[in-house]
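Trainee: Compute the structure for the input listed below.
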Amino acid sequence: MGIDAVVWDIDDTLFDYTSADRAGMRGHLAAEGLLDDGTTVESALTRWREVTDAQWARYAAGETDWQGQRRDRVRVFLGEPLSDTEADAWFDRYVTHYEGAWSLFPDVLPALDALVASHRHAVLSNSSIHVQDRKLRALGVHDRFEAILCAAELGVSKPAAAAFHAACEALGLPPHRVAYVGDHPEIDGRGAADAGLLSVWIDRGGDRAPGAPGRAGPHRIGSLAELPAIVGADTRFGAGSTFG
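Mentor: Now for the predicted structure:
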């Protein structure tokens with residue numbers, strides 16, 4: 001039985017989040033005068049990414065809400081007990097720089113075009129509809145997806161099976177007829193596989209260890225150019241990865 005639909009992660013899968021975040025924060029640091037004390041750009045960017053990852057983990061675990069994780073990213077990064085209004089204003093200034101660097105990965109449109117006639121498409125993100133709906137519109141691909149689901153509104157985050165099953169339900173398809181494509185080996189790759197979807201892990205950098213082997217493990221690819229061959233038939237059992 002084949003795959004009828006592809007559900008996509010957004011950040012660092014369709015959208016080059018890491019590059020945009022680094023470029024946006026680089027501009028923001030300079031505009032805020034946060035490098036005037038001799039702090040290097042690279043050390044500040046590394047610190048911002050560490051803080052972001054930690055606060056995202058808290059959000060995914062239900063320890064804070066969407067706006068709360070944003071505010072805490074600012075407070076921890078700056079080491080200052082800012083009010084909500086102050087933290088929101090700082091983050092909004094960063095977003096102005098960040099949005100100026102938005103772009104799709106170059107392999108995204110060719111992959112979507114290759115699958116447009118054969119597969120339905122949806123999005124499942126651990127972000128919020130407010131953020132991701134606007135992002136997809138700005139990137140010119142919003143209309144490519146018939147359903148857009150985000151953790152903030154669902155009340156459940158990847159890698160919980162319920163998040164992946166919600167996307168399947170939105171499409172009216174059972175999990176084994178749906179593929180999921182994401183960049184994180186555990187949250188996306190292992191989470192989708194454990195939920196019964198055909199899991200495809202996009203590892204563009206090629207510098208992460210592959211997920212644990214097994215019949216239900218994620219397919220590992222280095223480019224979305226490899227995706228059509230994987231979802232063209234249900235090859236989850238026994239097929240080797242096409243990754244270099």
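Trainee: Counting neighbours, what do you get for Ser103?
Mentor: Other residues near Ser103 come to 12 when the count uses other Cβ atoms under 10 Å. Just so you know, the C-beta spots here come from the backbone N, C-alpha and C atoms, and that holds for glycine as well.
Trainee: From what I see, it and Leu14 are in contact.
Mentor: No - Ser103 is beyond contact range of Leu14, at 10.3 Å (criterion: Cβ atoms under 8 Å).
Trainee: what touches both of the two?
Mentor: Leu139 (Cβ atoms under 8 Å, 6 or more residues apart in numbering).
Trainee: start to end distance for stretch 150-166?
Mentor: 10 Å (Cα to Cα, to the nearest Å).
Trainee: buried ones in that stretch?
Mentor: 150-152, 154, 156-161, 163-166 (16 or more other Cβ atoms under 10 Å).
Trainee: for stretch 130-141, same thing?
Mentor: Val131, Gln132, Asp133, Lys135, Leu136, Leu139, Val141.
Trainee: And those residues, which is closest to Ile3?
Mentor: Val141 (20.2 Å; Cβ to Cβ).
Trainee: wait, that closest one sits on Val116?
Mentor: No - at 11.2 Å, Val141 and Val116 do not qualify as touching, with contact defined as Cβ under 8 Å.
Trainee: what does stretch 9-26 rub up against?
Mentor: Against stretch 9-26 from outside (Cβ under 8 Å, 6+ apart): 8, 41, 44-45, 48-49, 52, 94-95, 97-105, 108, 123-125, 127, 132, 135-136, 139, 141, 158, 180-184, 188, 202.
Trainee: cool, and stretch 37-48?
Mentor: Under Cβ under 8 Å, 6+ apart, the answer for stretch 37-48 is Asp21, Arg22, Met25, Arg26, Leu29, Leu34, Leu35, Arg73, Phe77.
Trainee: Restricted to buried residues, select these in PyMOL.
Mentor: Selecting the buried subset of these in PyMOL, with 16+ other Cβ under 10 Å as the burial test, is done by:
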select buried, resi 21+22+25+26+29+73+77
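Trainee: pLDDT check: weakest of the contacts of stretch 37-48?
Mentor: In terms of pLDDT, Leu35 ranks lowest among the contacts of stretch 37-48, with 87.
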